[in-house]
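# I would like to see how this sequence folds:
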Amino acid sequence: MTDREAGGVPRISTLDNGVTVITDAMPHLATASLGIWVGAGARDERPDEHGISHLLEHMAFKGTRRRSARAIAEEIEAVGGDINAATSVEHTAYHARVLGEDVPLAIDVLADILTEPAFDAEELAREHNVIVQEIGAALDTPDDLVFDLFQERAFPEQAIGRSILGTPETVRSFGPAQLQAYLDRNYRGPRAIVAAAGAVEHERVVAEVAGRLARFPAEAKPEPAAARYQGGTRIGGGRDLEQAHLLVGLEGLSFRDPGFHALQIFTNVLGGGMSSRLFQEVRESRGLCYSVYSFHWAYGDSGLFGIYAGTDGGDVSELTDVVIDQIGQCSETMSEAELARSKAQAKVGLLTALESSGARADQLARQMLAFGRPIPLEEIVARLEAVTLADARAAGRRLLGQGRPTFVALGPGKTLETAARIVERLDVKAA
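Residues are numbered from 1 along each chain as shown. A predicted model of the protein is given here:
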C-alpha cells in the first residue's frame with residue numbers, strides 16, 4: 001500500500017489491489033459523508049446488458065450473505081444515518097452519511113453490499129417491477145424523456161447513447177448470474193475510489209477499507225468503446241402534450257480537453273442563469289417560454305452541448321430561430337462583464353462543494369476517477385481565470401464549426417418540422 005498527500009489535505013492511500021482511499025477531514029463537522037465510487041456505468045454495458053448497471057445499483061441494498069435488505073436499512077438508520085446510490089453514464093456511487101464515530105459501520109455495510117451481494121431471486125423479481133415502473137414514469141414525463149432521446153440521437157447504437165434505466169424487456173431478462181458477471185468484470189480495484197469527508201480520520205478509514213475491499217481484483221477492467229458522436233433529428237408528435245419540449249445540441253468536449261473550461265464559461269454565459277443571454281432574450285424580452293437553459297455534459301472522451309426549452313406549440317419556430325441566433329451572437333459579442341460574471345458563478349459553485357461533506361466527497365471521488373488526483377481549488381480557479389474573452393468566444397465558434405446538430409422535439413403541432421429545418425442552419429458541413 002502506498003500513501004501520499006496532496007498539499008497536506010486531502011490525504012490519499014492506494015491499497016495493493018489498486019483501490020484508492022481519499023479523505024478530507026473537516027474538523028468543524030460531527031458527521032461524515034463517505035462512499036465507494038466505481039468507474040463503471042451505463043457505457044460499460046454490453047449490447048445484451050442495457051440497464052444492468054442501474055439494476056445492480058438497486059440490488060445493492062436488497063441483501064447480502066450477512067444482511068437482509070431490512071437489516072441494511074435498520075443498521076444505518078439505527079445510528080441516525082442514511083444510505084443511497086446513483087448510476088451515471090461513466091460511474092456508479094454508493095454512499096452514506098453518519099456520525100464520525102459510525103464511519104466503520106458505514107464502510108462495513110457499503111463494502112458488504114459490493115463484495116457479498118446475495119442477489120436473491122425473489123428480491124430480484126420485485127426490483128424488476130420497481131424499475132419497470134420507474135421506466136414507465138420516465139416515459140410519461142416528457143421533460144425527462146426528451147433528454148434520453150437526445151442522448152440516443154447524439155450517440156446512436158452505442159452504450160453511451162442508451163438510457164441508463166434500460167427497457168422493461170432487458171431489465172426483466174437479468175438474473176443473478178448476469179449481475180454477478182457484470183460486477184466481476186467492472187468492479188475492480190484500479191477503478192474503485194473510497195472517498196470520505198467530514199469527521200474522518202484517514203488512517204482509520206484506510207484500515208477499515210483494507211480489511212473489507214481486498215476482494216476487488218487488482219486487474220484493470222475493460223475499457224468501454226470509444227464514443228462516436230453523430231447527431232441527427234428525432235421528432236415525436238401525436239402525444240397529448242400542452243407544451244413542446246425541445247433540445248438542440250452539438251458535439252461537446254471531453255473534460256480532459258484543453259478547451260473544456262472555456263466551453264463551460266461559454267455555456268454558462270449563453271444559458272446558465274437568470275442573467276444569461278437565453279433567459280433574458282427568450283423568456284424576459286420575448287416571453288416565449290418558462291424554462292430555457294444550456295448545458296454541457298463532458299465525458300472521458302467526448303461531450304454533448306445542449307439547449308433545452310419548453311414552449312407552446314405555436315411559439316416553437318420563433319423560439320428555435322432565436323436560440324440558434326443567440327449561439328452565434330454569443331460566440332462573437334460576449335462581453336468582459338459576462339465573462340467575469342460566469343467566472344464568479346463557477347467559483348461560488350466550487351466553494352459551495354467545500355462547505356458540504358457530501359459534495360466534497362463526491363467532488364474528490366470524481367476528480368480521482370477523471371484525473372487520478374484531487375485538483376486543488378487554487379488550480380481550478382487559476383484555470384478559470386486564465387480563460388480570456390477571446391478563448392470563450394473561440395469556444396463558441398469551435399462548437400459551431402463542428403456542425404452535425406442534434407435536434408429532438410416532443411409535443412403538439414406541425415411546427416416541430418419547421419423547427420428542425422431551422423436547426424439545420426447549424427450544420428455547417430452540409431452547407
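# excluding its backbone neighbours, what's nearest K347?
V381 (6.2 Å; Cβ to Cβ, 6 or more residues apart in numbering). Quick note: C-beta positions are derived from backbone N, CA and C, even for glycine.
# Okay, and that neighbour sits in which element?
Element membership of V381 [criterion: DSSP states H and E] is helix 377-386.
# what about the stretch 1-150 of the chain, any weak spots by pLDDT?
Applying pLDDT under 70 to the stretch 1-150 of the chain picks out residues 1-8.
# All the helices of it, in order from the start?
According to DSSP state H, counting those that start in this stretch, the stretch 1-150 of the chain carries its helices in the segments 52-59, 69-78, 103-115, 121-139, 142-154.
# hmm, who's touching the longest one?
The set of residues external to helix 121-139 that reach it, using Cβ atoms under 8 Å, 6 or more residues apart in numbering, is 51, 54-55, 58-59, 62-63, 69, 144-145, 148, 163, 165-168, 171-172, 174-176, 179.
# can you pull the contacts of R162?
Going by Cβ under 8 Å, 6+ apart, R162 touches 42, 45, 50, 151-152.
# Where do the strands of the stretch 101-250 of the chain begin and end?
Under the criterion DSSP state E, counting those that start in this stretch, strands of the stretch 101-250 of the chain are mapped to 192-198, 232-236, 243-251.
# domains for the protein, by residue range?
Listed by automatic domain parsing, the domain ranges of the chain are 2-210, 232-426.
# coming back round to it: which among the contacts of helix 121-139 count as buried?
When those are checked for burial by 16 or more other Cβ atoms under 10 Å, the buried set is 51, 54-55, 58-59, 62-63, 69, 145, 148, 163, 165-166, 168, 171-172, 174, 179.
# sorry, back to before: top of the contacts of R162 by neighbour count?
Ranked by neighbour count (other Cβ atoms under 10 Å), the contacts of R162 have A42 at the top, with 27 neighbours.
# How about the contacts made by that residue?
Contact analysis of A42 by Cβ under 8 Å, 6+ apart lists 53-54, 87-90, 159-160, 162-164.
# on that earlier part again, just checking, what packs against whichever helix or strand comes after the helix holding V381?
Heading C-terminal from helix 377-386, the first helix or strand you meet, by DSSP H and E, is helix 389-401. If you count contacts as 3 or more Cβ pairs under 8 Å, 6 or more residues apart in numbering; DSSP states H and E, helix 389-401 packs onto strand 243-251, helix 260-271, helix 316-333, helix 336-354.
# looking at those, which is closest to I235?
Shortest separation from I235 across the helices and strands packed on helix 389-401 is recorded for strand 243-251, at 9.9 Å, computed as Cβ to Cβ.
# So what are the sheet partners of the closest one and their directions?
strand 303-312 (antiparallel), strand 406-410 (antiparallel) (DSSP bridges).
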